[in-house]
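A.B. asks: Quick one, fold the following:
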Amino acid sequence: MQPERARAVAPLNLPNILTWLRILMIPAIVGTLYLPTSWLGTWEKNLVATVLFVSAAVTDWLDGYLARKLNQMSAFGAFLDPVADKLMVAAALIVLVELERAAAVVAMIIIGREIAISALREWMANIGQSKSVAVNFLGKLKTVFQMIAIPMLLYHERIGDFDPQRIGTWLIWLAAVLTLVSMFYYLKLAGISRR
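C.D. replies: Take a look at the predicted model:
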């Protein structure tokens, strides 16, 4: 009992530090794209922002892995990890819309879904039905497409015949479609569990 209480009171462990680091990387990603071109050229800004985003995405996998491996899972970490993910994706999408590399409707769908599903999960947890809206395959697939599309759109520049902007655009639209499908699936599950 005592170790679990200590873990809940002092959740500053390696996995949580990585999650905080991911949150701190968000302004670095956004700020890089707004640096004056006299400091960094467009290609360099795109490259740095892409590397930072991919590094942040890797910490998302790493903090979960370490939490399980080191037995350092905590309620605080379970709360903070998805918040960090949502902030990172939302910030990147807003910047991409402003840079005209992604459609505003895509950002609204993805960000709106995250808000709606977070609220739904909170509500379902309050009524003791949180397992009925646990993450499923569609949600994971949507995340995979997002996490491949966003770095491509951040990088933007062609690499020989490969056009990251075009491929990233297709993938982010596909992620938006999966976002809607998974949202309606979660809403349906929540409705069924309430009957």
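A.B. asks: Run through the residues that contact the residue nearest to the spatial centre of the chain.
C.D. replies: Per C-alpha atoms, centre = their mean, the C-alpha nearest to the average position across the chain is that of Asp85, at 3.3 Å. When the contact criterion is C-beta atoms under 8 Å, 6 or more residues apart in numbering, the partners of Asp85 are Arg22, Asp60. The way it works is simple: take the backbone N, C-alpha and C, and place the C-beta from them, glycine included.
A.B. asks: can you tell me the helix or strand for it?
C.D. replies: Taking DSSP states H and E as the definition, Asp85 sits inside helix 75-98.
A.B. asks: Distance of the residue nearest to the centre of the chain relative to Ile117?
C.D. replies: Between Asp85 and Ile117 the distance is 12 Å, computed by C-beta to C-beta, to the nearest Å.
A.B. asks: Report the rounded mean pLDDT for the helix or strand following the helix holding Asp85.
C.D. replies: Beyond helix 75-98 on the C-terminal side, the first helix or strand identified by DSSP H and E is helix 104-126. Averaged over helix 104-126, pLDDT sits at 86.
A.B. asks: To which secondary structure element is Leu174 assigned?
C.D. replies: Applying DSSP H and E as the criterion places Leu174 in helix 164-193.
A.B. asks: Leu171 is in contact with Ile148, correct?
C.D. replies: Yes. Between Ile148 and Leu171 there is a contact under C-beta atoms under 8 Å: 5.6 Å.
A.B. asks: Can you check what angle separates the helix holding Leu174 from helix 75-98?
C.D. replies: Comparing the axes of helix 164-193 and helix 75-98 via axes from the mean of the first three to the mean of the last three C-alpha atoms, to 10 degrees yields an angle of 130 degrees.
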